[in-house]
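1. Sequence first, predicted model second:
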Amino acid sequence: MKKSRINDIIAAHISIPNGSVNKPYQAVVDFEKWNMGDVIFSEWKGLADIGLTYNSERKTIEGNPTVSGDHKIQLHFCLEGEPIHVKILNLIINPDPRSLWKDLPSDVNDPYAKPDDATAYALMGDRKLVVSSKRGRSHKNAGTFRDDDFAFYNFDEKGWSLIAVADGAGSSAFSRKGAEIACNATIEYFKQYFAENKEKEIEDAAPDAITAIAKKHMYQAVKYVYGQIKEEAEQHAAANPALFNHKNKTVLEYYHTTLIFALLKRFDFGYLMMTFGVGDCPIVLLKEDEVKLLNRLDVGEFGGGTRFLTQAAIFHSKEIPMESRFNVSIEQDFSYLFLMTDGIYDPKFEVENNLQHLAHWKDFMEDLHGNNEAKAEVDFSQPLNEVAQSLSGWMDFWSPGNHDDRTLAIIY
């Protein structure tokens, strides 16, 4: 009779919940539910090999699995008056999805090669800047390039500070170069601009005239940047026609990139901020009790809504007048000024509307301060170089489905 009962126990199908590597695991062991209430002794073998233990007080299998696979776990048991027998149970531990991603370097010999990651910091007038740009996991996995870019400059003698961020289109072969030129050409333009003292027209203007003059000046900057990308595209296409063989694409489409920039200076009346944006990268001003989106975003309800600096149509669009892409504001003070690409915006804010809600920004700041899965913290009270490095580390956060390049610039 007992032999038959033992055979029944050994043969009975018992399902143990699946687990995942590096995720806390707990499964209840209920002998009554498993129709094993007559078992008087039990011991588990094989759990420790995969990072798990049996908690006899809670009657649970628990821990953080360390090994993926279909594991055969032994349950040693006996009935009253019988020797110990062994029942085999299957426990499936799924791999940590993060471990499936490769980190292949990009081609350093490519004509448009660039660092896979970049982090920098600087004093910007009476403020500080930290910025980091990280190659996305999708690019790491394929050994392709980081398409995001940034550049900044502090015009000490003039009191103005400038930061530019760009996100090259993943579908455009040379967008990484487009983004690089967009940022660097923005700096180049304003270096000449300040060398010629053109800012005086803004600084000496009547208050009600500042916005119109500033927008006119920014428009000239954007035209210059567009022209620099166009010049590079045409020269590269002339030298390498085989690389530009898509009949339905202009050479500029191979360099598609977004661009945002912020130019600011502190005056007696507050901070004068001049911003521009084309594409889906936000510029956000955060105060203690207020948040402001300083540029319009080109986002589509079902994707595909992004516009690029390299689309000539943006300069004469009736649907989205070019003037609407420029913003001028005066702020008495602020806590942080953020410029980011969608690699940050998508996982942290999801939709444009959330960018304008203070509650979402409070959550974001808590995230930066270490309230996250990795406990990665950015402590803005630390020396500037340490803040920059901690920001770079924070930007390695895991977000399922969000594996794009990430760039975040913070002025504080």
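-> Happy to help now that I have it.

2. where do the helices sit along this protein?
-> Ranges of helices within the chain are 2-11, 137-142, 175-195, 200-203, 210-239, 342-349, 358-368, 384-394, based on DSSP state H.

3. Which one of the ones you listed lies nearest to Leu259?
-> Evaluated with Cβ to Cβ, the helices of the chain place helix 175-195 nearest to Leu259, the distance being 4.5 Å. C-beta: built from backbone N, CA, C; applies to glycine.

4. Point out the other helices and strands that the closest one packs with.
-> strand 148-155, strand 160-167, helix 210-239, strand 259-267 (3 or more Cβ pairs under 8 Å, 6 or more residues apart in numbering; DSSP states H and E).

5. looking at these, which is buried most?
-> Of those, the one with the most neighbours on average (mean count of other Cβ atoms under 10 Å) is strand 160-167, at a mean of 28.

6. distance of the residue lying closest to Asn402 once chain neighbours are set aside from Asp367?
-> Setting aside the residues directly before and after it, Asn402 is nearest to Pro347 in space (Cβ to Cβ, 6 or more residues apart in numbering), at 4.0 Å. Noted for Pro347: a distance of 10 Å to Asp367, by Cβ to Cβ, to the nearest Å.

7. now Tyr345
-> As judged by Cβ to Cβ, Tyr345 and Asp367 stand 13 Å apart.

8. ok, these two, which is more surrounded?
-> Shown here are Tyr345 and Asp367; by other Cβ atoms under 10 Å, Tyr345 has more neighbours (26 against 17).

9. so that one touches Pro282, yeah?
-> Yes. With contact defined as Cβ atoms under 8 Å, Tyr345 reaches Pro282; the gap is 5.8 Å.

10. hang on, the earlier thing: any chance of the helices and strands packed on helix 175-195 in JSON lines, with distance to Glu180 and mean pLDDT too?
-> Formatted as JSON lines, the helices and strands packed on helix 175-195 follow (distance: least, Cβ to Cβ, whole Å; pLDDT from 0 to 100):
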{"stretch": "strand 148-155", "distance to Glu180": "5", "mean pLDDT": "98"}
{"stretch": "strand 160-167", "distance to Glu180": "8", "mean pLDDT": "98"}
{"stretch": "helix 210-239", "distance to Glu180": "10", "mean pLDDT": "98"}
{"stretch": "strand 259-267", "distance to Glu180": "11", "mean pLDDT": "98"}
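
11. Let me have these in CSV, extended by distance to Glu199.
-> Listed next are the helices and strands packed on helix 175-195 as CSV, based on distance: least, Cβ to Cβ, whole Å:
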stretch, distance to Glu199
strand 148-155, 9
strand 160-167, 7
helix 210-239, 8
strand 259-267, 8
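
12. so which of the ones you listed comes closest to Thr60?
-> That would be strand 148-155 among those, by Cβ to Cβ, at 45.1 Å.

13. Figure out how far the closest one is from the centre of its chain.
-> Computed by Cα atoms, centre = their mean, to the nearest Å, the separation of strand 148-155 from the middle of its chain amounts to 18 Å.

14. ok, now stretch 314-322?
-> On Cα atoms, centre = their mean, the centre of stretch 314-322 falls 29 Å from the chain's centre.

15. can you tell me the distance between the two ends of it?
-> 6 Å (Cα to Cα, to the nearest Å).

16. Low-confidence ranges, the stretch 301-412 of the chain, go.
-> Counting by pLDDT under 70, the low-confidence segments of the stretch 301-412 of the chain come to 301-305.

17. show me where it has strands.
-> Under the criterion DSSP state E, counting those that start in this stretch, strands of the stretch 301-412 of the chain are mapped to 326-331, 336-340, 406-411.

18. what's the domain layout of this protein?
-> 2-97, 117-411 (automatic domain parsing).

19. What average pLDDT does the first one get?
-> Same thing as domain 2-97. Across domain 2-97, the average pLDDT comes to 94.

20. hang on, the earlier thing: ok, which of the strands of the stretch 301-412 of the chain comes nearest Val130?
-> Between the strands of the stretch 301-412 of the chain, strand 406-411 lies closest to Val130; by Cβ to Cβ that is 5.4 Å.

21. What pairs with the closest one, parallel or antiparallel?
-> If you go by DSSP bridges, strand 406-411 pairs up with strand 127-134 (antiparallel), strand 336-340 (antiparallel).

22. Could you tell me what pLDDT the model assigned to Gly300?
-> At Gly300, the model reports a pLDDT of 61.

23. how near is the nearest residue to Leu309 once chain neighbours are set aside to Met340?
-> Distances taken as Cβ to Cβ, 6+ apart put Leu259 closest to Leu309, at 4.6 Å, once the chain neighbours are dropped. The gap separating Leu259 from Met340 is 13 Å, by Cβ to Cβ.

24. quick one on the thing from earlier: include distance to Ile61 and mean neighbour count when you put the strands paired with strand 406-411 into a markdown table, please.
-> Putting these into a markdown table (distance: least, Cβ to Cβ, whole Å; neighbours: other Cβ atoms under 10 Å) gives the following:
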| stretch | distance to Ile61 | mean neighbour count |
| --- | --- | --- |
| strand 127-134 | 37 | 23 |
| strand 336-340 | 42 | 24 |
